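[1] With the input below, show me the fold.
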Amino acid sequence: MPTARKIIFSSYVVPTRIDTMEEESISKTSFLGATGTDTLSKTLGGKGSVTIHATQWGDGWVSFSHQGAYWEDQSDVWELVGETWSGELSITSAVKLTDDTSTTCAFVYIKNTGTSVNAEVSLNDTGGNYFIIIPPGGSVHLRGDGTTLECNKVYVRGASGSSTTTIEYIIAKAA
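    Residues are numbered from 1 along each chain as shown. Model prediction:
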């Protein structure tokens with residue numbers, strides 16, 4: 001039996017302030033320190049890891065491994081023969097990221113790879129509230145507590161369920 005897998009993740013921000021000079025067309029960017037001064041002392045953010053189950057429910061737990069890609073389609077130099085998969089999922093109306101109804105979620109990562117439409121995320125079913133908004137080029141990652149966030153409750157849609165965007169994702173079940 002394989003041992004559990006681990007996802008290592010991190011995020012950070014660099015606090016900045018844009019100052020407009022006397023002439024309105026000229027501005028400068030200042031990096032802010034922890035005390036609000038113009039001396040950058042450090043970035044804000046953190047690192048973490050989460051242990052996930054050694055076996056997931058199939059290749060669909062990550063968008064970059066298409067369910068239709070088989071080892072038989074690979075050549076000797078690991079190039080895909082035939083159709084290729086961009087790793088992006090095109091979405092408009094609510095899409096459930098997994099059908100696993102019996103497992104709690106350990107980790108979710110969603111990146112909006114679209115260029116003009118927000119992606120909206122619900123953690124409580126298709127008719128639920130879409131409180132998480134991901135702007136084009138933005139991403140979000142959530143670490144589940146392993147008890148109450150269920151894998152089959154994660155839904156993503158284009159803005160207001162009527163616009164189309166594309167996403168990349170990882171949704172992993174708890175160990």
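[2] contacting residues around the residue nearest the centre of the chain?
    Per Cα atoms, centre = their mean, the C-alpha nearest to the average position across the chain is that of residue 110, at 1.9 Å. Shown in contact with residue 110 (Cβ atoms under 8 Å, 6 or more residues apart in numbering): 119, 121, 134, 139, 140, 141, 156, 167, 168, 169. Bear in mind the C-beta positions are built from the backbone N, C-alpha and C, glycine included.
[3] what does residue 151 give?
    Per Cβ under 8 Å, 6+ apart, neighbours of residue 151: 57, 97, 98, 100, 103, 104, 105, 171, 173.
[4] From residue 14, how far off is it?
    Note on residue 151: its distance to residue 14, by Cβ to Cβ, to the nearest Å, is 34 Å.
[5] Please name the spatially closest residue to residue 96 (chain neighbours excluded).
    Leaving aside its chain neighbours, residue 96 sits nearest to residue 155 (5.5 Å; criterion: Cβ to Cβ, 6 or more residues apart in numbering).
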